[in-house]
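J.: Just need the structure, nothing else, for what follows:
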Amino acid sequence: MRLSAALPATLIAMSLFFLPGIATAQSAISVKDPKQFEQQLREMGYAPDAFGTGTTTVEGLLHLPNETLGVVLAGCTDGKDCHYIVLVGSFSDLTDLPAEWVAKMNALYDLIKVWTRDDKRLAYSAGGLVDGMPRATFRAWVDQIVDSSDDLAAEAIKAGYGPKKK
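T.: Take a look at the predicted model:
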């Protein structure tokens, strides 16, 4: 989402986190134990692949209705006690975007970071400290990332960088 649209929604979501009773009434998200986090995602109706093993990071995939995001739990000690999460996505049909346009998109979006991967595909990510966050707030955060990525793709297509017709 762009700054003007995302800021109010983000502030509302964050305020819900700090309201008395809301945080305690819901089971909070925890990334401390990757297997427990994976189970929480399933309970929320998401479809994660089994998280791999690692030492300072643990990675997996999160399948959403219309896209798949990479999940990186980071700041871990021996594959546990992780401290933050990064969600990563990319577009298979948006490639070779000019650096100036990518920089413009980074200035336009506040929730996602935009870049091009080594294979020249347009990519984005969002990271945060979610441990203790109510599930509803976490879901709203994921939804905002998806909305931002959808908008990013629309911007690329509008700028003429979409798939070329044959």
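
J.: what does the longest strand along the chain contact?
T.: Identified as the longest strand of the chain according to DSSP state E is strand 84-95. Residues outside strand 84-95 that contact it (Cβ atoms under 8 Å, 6 or more residues apart in numbering): 31, 62, 67-75, 116-117, 119-131, 142, 145, 149, 153, 156-157, 161-163. No exception for glycine: its C-beta is placed from N, CA and C like everyone else's.

J.: C-alpha coordinates for the helix or strand following it, PDB please?
T.: Next along the chain after strand 84-95, taking DSSP states H and E as the criterion, comes helix 99-108. What follows is helix 99-108 as a C-alpha-only set of coordinates in PDB (Å, rounded to 0.1, in the frame of the first residue of the first chain):
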ATOM      1  CA  ALA A  99      16.400   0.900 -11.400                       C
ATOM      2  CA  GLU A 100      14.800   4.400 -11.500                       C
ATOM      3  CA  TRP A 101      11.300   2.900 -11.500                       C
ATOM      4  CA  VAL A 102      12.200   0.500  -8.600                       C
ATOM      5  CA  ALA A 103      13.600   3.400  -6.600                       C
ATOM      6  CA  LYS A 104      10.400   5.400  -7.300                       C
ATOM      7  CA  MET A 105       8.300   2.500  -6.000                       C
ATOM      8  CA  ASN A 106      10.400   2.200  -2.800                       C
ATOM      9  CA  ALA A 107       9.700   5.900  -2.200                       C
ATOM     10  CA  LEU A 108       6.000   5.300  -2.900                       C
END
